[in-house]
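[1] model the structure of this input:
(one chain, ligands or ions: 1)
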Amino acid sequence: MATTQAATPWAVLLCKFADNNDEPFPLIYYRNLFTSAGVGLSNVVDFFRVYSHGNIDIGGSQIFGWFTLPETKAEAYAKGRGQIVDDARLAAAANGVDLSAFWGVLVCTNVPFETFGVQNGRAAVADSLGTAPRILAQEVGHGYGLDHSMADGVAAEYQDRWDVMSALNAAWAGNPTFAQVGPGLNAANMAARGWLDPERVWVRTGWFDEQVTLRPHHRRDLPGFLVARVGPYYVELRINEDWDAGIGSPVVLVHRLDANRSWLMASASGQRFFPPGAVFERTDELANGMPKAHAEVVNIDRASRQATLRLSYQPTIRPLHAFVLPYPVKLGQPTKVVVKATDGLTSAPVQGEVRLHSYDVNGQAVDVTPFPTDTPTIVTLRAKRIFDPETKKWTDFEDPTGEVTAVGYSDTVLDLGY
Ligand SMILES: [Zn+2]
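    Below is the predicted model of the structure:
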C-alpha cells in the first residue's frame with residue numbers, strides 16, 4: 001500500500017445530565033463501538049479503516065466516564081447545542097483526563113438529546129439514540145471535514161442512498177452488536193479527504209476508450225482496481241454485502257466532486273444507479289455533440305466481486321473493426337459482397353458506409369459507389385494494371401483497397417485480401 005496510517009484517536013466522553021442518572025449502555029458497548037476492542041464487529045474503527053483505504057485509524061480511542069455535567073438537559077438545550085462539547089471537556093479535565101492526547105472528542109449523552117458532528121471540528125455528539133455506526137460514522141465523518149452527499153440536479157442534501165453521508169436516507173444494514181451499520185462512503189467523498197489509494201484508481205489522461213475491471217471500492221484485500229476516473233467522474237462498484245448489505249442489487253455508481261460535496265450522477269433517463277447494461281453519458285460543447293464521458297456497465301459478477309466496464313472519454317475515436325465476405329474478394333468479375341463492421345472493444349454491430357477503390361480495364365483508378373455495411377452489394381473489382389513500355393507488357397498489381405466509416409468511430413481500412 002502506498003498509504004500510511006494516521007492515528008487519530010478520539011476521547012469518548014460519557015456524560016450524564018444533572019437531572020438523570022441513566023446509563024443506556026454498559027461500558028463494553030462503547031468500547032466495542034469506538035475502540036480497537038470492537039474491531040471486526042463493524043464498529044466505527046472498522047468503518048474508517050476501510051473507507052479511508054487505511055489512511056485513518058481511530059482504534060486508539062479511549063472511553064472515559066460516566067461524568068455528570070453541571071447542567072440539566074433543559075439547561076443544556078438553552079445553552080445551545082455546541083456548548084455541550086465544551087462542558088464535557090471541562091468535566092473530563094476535572095476528572096483528570098488529558099484531552100491533548102486525542103485527535104477528537106466524542107460526547108455520548110445518557111438520554112436522548114441531539115446527535116451531530118462539528119464540520120472540520122474534530123468533535124461530535126451522540127445521544128443515547130445516536131450510537132449506531134449508521135449515524136455515528138456520518139457524524140464523526142463531519143469531524144474530518146466530510147459534508148452531506150448530494151445528487152446531481154437535486155437541491156436538497158442527503159440524496160445518495162449508497163452513501164453514509166446521506167444519513168437517514170441511506171441504505172443501512174442490520175448488525176447484531178450495534179443494530180444499524182452502513183452504507184459505505186462513496187469514492188468521491190473518499191477522494192475529497194485524500195483517502196483513495198492512488199495505486200488502486202484506474203486513470204487515463206487524454207482520450208481513451210478501454211474495457212476496465214473494477215472491484216468493490218472498499219475491498220483493498222482483492223487485487224485490481226477499486227475506482228476508475230472518467231474525466232471528472234469517479235466510477236465505483238457496490239456489492240450488497242458488508243457495510244453495503246442493505247443497498248439491494250449490485251450497482252455501479254458515478255459521482256463527481258464539487259465544493260467539498262459528492263454528487264451522485266444520473267443516466268440520460270434520470271436513473272442514478274447503473275446495473276448491468278446501463279450507460280452513463282455526458283456531452284459537452286467540446287465534443288461536437290458526441291458523448292464526452294461514457295461509462296457502460298458491461299457486466300457485474302457478484303460471485304467474483306468484479307464489474308466489467310467500458311469507459312471512454314471523447315469517444316469520437318472509438319475503434320472500428322470491419323471485414324468483408326467473401327474474402328479475398330474475387331477480382332475481374334461481378335461479385336456479391338457483404339461488409340460487417342463491429343465495435344473494436346465490444347464486438348457489437350455498428351452501421352457504417354463502405355468505400356472501395358478499384359481500377360478500370362485500362363488500369364485507371366475508379367471508386368465504387370459507396371454502400372452501407374450489412375447490405376449485400378454486387379461490385380466488380382479489378383487489379384491495378386501497369387504498362388511497361390520496354391517489354392510492351394501489362395503487369396497486374398492486385399491492390400484494390402477499401403475503408404469503412406461510421407459516425408463516432410475512427411475510419412478503418414477494409415482488408416480485401418490484396
Ligand atoms: Zn450530518
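[2] and the chain, what are its domain boundaries?
    Following automatic domain parsing, the chain resolves into domains at 6-145, 187-317, 320-413.
[3] nearest to residue 155, of those?
    domain 187-317 (11.7 Å; C-beta to C-beta). C-beta here means a position set from N, CA and C on the backbone, and glycine is covered the same way.
[4] who's in contact with the closest residue to residue 344 other than its chain neighbours?
    Leaving aside its chain neighbours, residue 344 sits nearest to residue 319 (3.0 Å; criterion: C-beta to C-beta, 6 or more residues apart in numbering). Counting by C-beta atoms under 8 Å, 6 or more residues apart in numbering, residue 319 touches 209, 343, 344, 345, 409, 410, 412.
[5] let's have the domains of the chain in CSV, adding distance to residue 156, mean pLDDT and mean neighbour count.
    Listed next are these as CSV, based on distance: least, C-beta to C-beta, whole Å; pLDDT from 0 to 100; neighbours: other C-beta atoms under 10 Å:
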stretch, distance to residue 156, mean pLDDT, mean neighbour count
domain 6-145, 16, 96, 19
domain 187-317, 12, 92, 18
domain 320-413, 36, 91, 15
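[6] including distance to residue 304 and secondary structure, could the contacts of residue 319 go into JSON lines?
    Output for the contacts of residue 319, formatted as JSON lines (distance: C-beta to C-beta, whole Å; DSSP: H, G, I helix; E, B strand; the rest coil):
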{"residue": "209", "distance to residue 304": "24", "secondary structure": "strand"}
{"residue": "343", "distance to residue 304": "24", "secondary structure": "strand"}
{"residue": "344", "distance to residue 304": "25", "secondary structure": "coil"}
{"residue": "345", "distance to residue 304": "21", "secondary structure": "coil"}
{"residue": "409", "distance to residue 304": "31", "secondary structure": "strand"}
{"residue": "410", "distance to residue 304": "33", "secondary structure": "coil"}
{"residue": "412", "distance to residue 304": "33", "secondary structure": "strand"}
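[7] please settle this for me: is residue 299 part of a strand?
    Yes. Per DSSP: H, G, I helix; E, B strand; the rest coil, residue 299 lies within a strand segment.
[8] give me the beta-bridge partners of it?
    On the basis of DSSP bridges, residue 299 is bridged to residue 308.
[9] any idea how far residue 261 lies from residue 313?
    The gap separating residue 261 from residue 313 is 23 Å, by C-beta to C-beta, to the nearest Å.
[10] now residue 210
    Separation of residue 210 from residue 313 (C-beta to C-beta): 10 Å.
[11] I appreciate the help and will end here.
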